[in-house]
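Peer 1: Below is the sequence, then the predicted model.
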Amino acid sequence: MGRGTQRLRKIGVISPSHSRFQQIRARLEAFDPGEGWRLWLYEFLLFGFKQGWACLFGGLLLALLLATHFLYPDDSALARYDFLTLAALAIQIGMLAFRLETWDEAKVILIFHVVGTAMEVFKTYAGSWVYPEASLLRIAGVPLFSGFMYASVGSYIARVWRIFDFRYTHYPPRWTTWLLAGAIYANFFLHHFWIDLRWLLFAATALIFWRTRIYFRNFRAHRWMPLLLGFGLVALFIWLAENIATFANAWNYPGQEAGWQPVGPEKLGSWFLLMLISFVLVALVQPVRRPGKSSAPDAKPIAEQPARA
């Protein structure tokens, strides 16, 4: 154990029960980069480090999809999809074993796996997309690794919530968010038999969350942005990840059977709504807290200069 770690434990910043990442983060946040451009550069790098850590699960899955697409042997006794399922399970076990992820976050991943797999079974049956490769570890036409892809979204939201110490103002009543998430999930199924209510759901989302601000702390000061903007940004990055996944032949949309084509921007709306379901589920295990005295009065919008706390 280094002297820096011993000193931080002595003053109570970290404890032996903290995960490895929490210990590293505490050391990084205790560092003083100075003022001016050094502070800006350090905050930028720290933000990238934290975001990269928050999406570790999804990032590793994407890396596996790309690597196996180019390198996995066609004549392997173990199907590529089955390898991806076992690899995703091994990543999950490893993250828990090395305390890189908490058990609460693992519970969120399990919920998303079940919710995502159920929707996958229905959507593949309805012809929305297909999994073109053979596998043994599947339910109906859905390989089990697909549930981990949904779970990676839940993992990211749960981890980024904790890492950036999310706080909220004007958060809507919980029951309204539960009803909205339930309606969105139901619409993913019902629009195949009835009218598509997504535009009504977009309007309901805007009505419920239009006043809500999310406060996040990267280094020393909390900043804020409209929560709806945060939903949109996450949906954009999921859509970009989806393009990588379909390029790696993880699944095919209609029109991609003969060769890969970029996923159309209309899918952004679907990911926006699915992201909201993810957010509401994570809110069941993560505390929805208001900004403290140090957050609300001095917090800056993301477009403004950050203030040192």
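Peer 2: The structure has been received and is ready for your questions.
Peer 1: Can you verify my assumption that residue 141 contacts residue 131?
Peer 2: Yes - contact criterion Cβ atoms under 8 Å: residue 141 and residue 131 qualify, at 6.2 Å. For the C-beta atoms, the positions are set from N, CA and C on the backbone; glycine is no exception.
Peer 1: which of those two has more neighbours?
Peer 2: residue 131 (19 against 13; other Cβ atoms under 10 Å).
Peer 1: Now do the contacts for the residue nearest to residue 197 when sequence neighbours are not counted.
Peer 2: Setting aside the residues directly before and after it, residue 197 is nearest to residue 187 in space (Cβ to Cβ, 6 or more residues apart in numbering), at 5.1 Å. By Cβ atoms under 8 Å, 6 or more residues apart in numbering, the residues touching residue 187 are 196-198, 201, 273.
Peer 1: what do residue 141 and residue 131 both touch?
Peer 2: In contact with both residue 141 and residue 131: residue 124, using Cβ under 8 Å, 6+ apart.
Peer 1: what comes into contact with the lengthiest helix in the chain?
Peer 2: For the chain, the longest helix by residue count, based on DSSP state H, is helix 103-126. For helix 103-126, contacts defined as Cβ under 8 Å, 6+ apart pick out 57, 92, 96, 129-131, 139-142, 144, 146-155, 157-159, 185, 188-189, 192, 277-278, 281-282, 285-286.
Peer 1: circling back to that earlier point, who wins for neighbours among the contacts of residue 187?
Peer 2: residue 273 (23 neighbours).
Peer 1: So that one sits against residue 183, correct?
Peer 2: No - at 9.7 Å, residue 273 does not count as touching residue 183 under the criterion of Cβ under 8 Å.
Peer 1: between those two, what contacts are shared?
Peer 2: residue 201.
Peer 1: how many neighbours does residue 229 have?
Peer 2: 12.
Peer 1: and it, that's in a helix?
Peer 2: Yes - assignment of residue 229 by DSSP: H, G, I helix; E, B strand; the rest coil places it within a helix.
Peer 1: what's it in contact with, if anything?
Peer 2: Per Cβ under 8 Å, 6+ apart, neighbours of residue 229: none.
Peer 1: Distance of it relative to residue 107?
Peer 2: 28 Å (Cβ to Cβ, to the nearest Å).
Peer 1: All the strands of the stretch 51-200 of the chain, residue numbers only.
Peer 2: With strands called from DSSP state E, counting those that start in this stretch, the stretch 51-200 of the chain shows them at 138-139, 142-143, 167-169.
Peer 1: coming back round to it: can you add distance to residue 71 and give the contacts of residue 187 back as JSON lines?
Peer 2: Shown next, in JSON lines, are these (distance: Cβ to Cβ, whole Å):
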{"residue": "196", "distance to residue 71": "40"}
{"residue": "197", "distance to residue 71": "43"}
{"residue": "198", "distance to residue 71": "39"}
{"residue": "201", "distance to residue 71": "41"}
{"residue": "273", "distance to residue 71": "35"}
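Peer 1: Out of those residues, which is nearest to residue 225?
Peer 2: Comparing those against residue 225 with Cβ to Cβ places residue 273 closest, at 19.6 Å.
Peer 1: Tell me the buried residues in the helix or strand that that closest one is a member of?
Peer 2: In the assignment (DSSP states H and E), residue 273 maps to helix 267-282. Buried residues in helix 267-282, counted by 16 or more other Cβ atoms under 10 Å: 268, 270-282.
Peer 1: Residue 256 belongs to a strand, doesn't it?
Peer 2: No - Residue 256: not assigned to a strand; according to three-state DSSP it is coil.
Peer 1: Quick one: residues contacting the closest residue to it other than its chain neighbours.
Peer 2: Leaving out its chain neighbours, the residue that sits closest to residue 256 by Cβ to Cβ, 6+ apart is residue 246, at 6.2 Å. The contact partners of residue 246, by Cβ under 8 Å, 6+ apart, come to 252-253, 256, 260, 263.
Peer 1: in the stretch 51-200 of the chain, what spans have low per-residue confidence?
Peer 2: The stretch 51-200 of the chain contains no residues with pLDDT under 70.
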